[in-house]
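Fold the following for me, if possible:
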Amino acid sequence: MEALPLRFSAGTDLRAALDAIPRLHGVDAAFVVQGIGSLSVACIRYAGKPEATELRGDLEILTLGGSLGPDGPHLHISVSDGEGRVVGGHMGAGCLVRTTAEVLVALLPGHRFSREHDPATGYKELCVTQRPPAASS
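Numbers count the residues shown, from 1 in each chain. Okay, the predicted model is just below:
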């Protein structure tokens, strides 16, 4: 495992930036350990809902975590507004950094993440496989 601390600046689409991490670092598996910062737009899909809800304003990222792989990210986020109200759920596309976002990613070069249909849940769920070690020259 390799720790990758990152900072994203204002205007960055945070989900898109995190989705690109495995490709940029040549791995098929990574995990967002935690993230903090602020958003001006948060797109969050609440539990059991089919569509994301868009929130706008000064929002603080309280928690951010999830998996990153070739089949796309699976991220959960919680944010608070200026009144201290907290909401959370699946992080959707279009979450825009307001001032900064600080994120710790763990790269997992010895693994591969994929998403496969699970008949028990009815959803595509995480499948973890070991990658063979790279041949030395």
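
where do the strands sit along the chain?
2-9, 30-45, 53-68, 74-80, 86-91, 96-107, 111-118, 123-130 (DSSP state E).

So what's the gap between the fourth one and the chain middle?
Think strand 74-80. Chain-centre distance of strand 74-80: 8 Å, with CA atoms, centre = their mean, to the nearest Å.

Who does it pair with, and is each partner parallel or antiparallel?
strand 53-68 (antiparallel), strand 86-91 (antiparallel) (DSSP bridges).

how about the CA coordinates for the first one, as PDB?
Extracted C-alpha coordinates of strand 53-68, given in PDB (Å, rounded to 0.1, in the frame of the first residue of the first chain):
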ATOM      1  CA  THR A  53     -29.900  15.800  -4.800                       C
ATOM      2  CA  GLU A  54     -27.900  18.900  -5.600                       C
ATOM      3  CA  LEU A  55     -26.900  21.200  -2.700                       C
ATOM      4  CA  ARG A  56     -25.400  24.700  -3.300                       C
ATOM      5  CA  GLY A  57     -23.800  27.100  -0.900                       C
ATOM      6  CA  ASP A  58     -20.900  27.000   1.600                       C
ATOM      7  CA  LEU A  59     -20.600  23.300   2.500                       C
ATOM      8  CA  GLU A  60     -18.000  21.700   4.700                       C
ATOM      9  CA  ILE A  61     -16.800  18.100   3.900                       C
ATOM     10  CA  LEU A  62     -17.000  16.200   7.100                       C
ATOM     11  CA  THR A  63     -16.200  12.800   5.800                       C
ATOM     12  CA  LEU A  64     -15.200  11.300   2.500                       C
ATOM     13  CA  GLY A  65     -14.300   7.700   1.800                       C
ATOM     14  CA  GLY A  66     -14.700   4.800  -0.600                       C
ATOM     15  CA  SER A  67     -13.100   2.700  -3.300                       C
ATOM     16  CA  LEU A  68     -11.600   3.600  -6.700                       C
END
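
list the buried ones in it?
55, 59-61, 64-68 (16 or more other CB atoms under 10 Å). Glycine gets a C-beta too; all of them are placed from N, C-alpha and C.

next one: that strand to chain centre, how far?
For strand 53-68, the distance to the chain centre is 10 Å (CA atoms, centre = their mean).

All set now, cheers.
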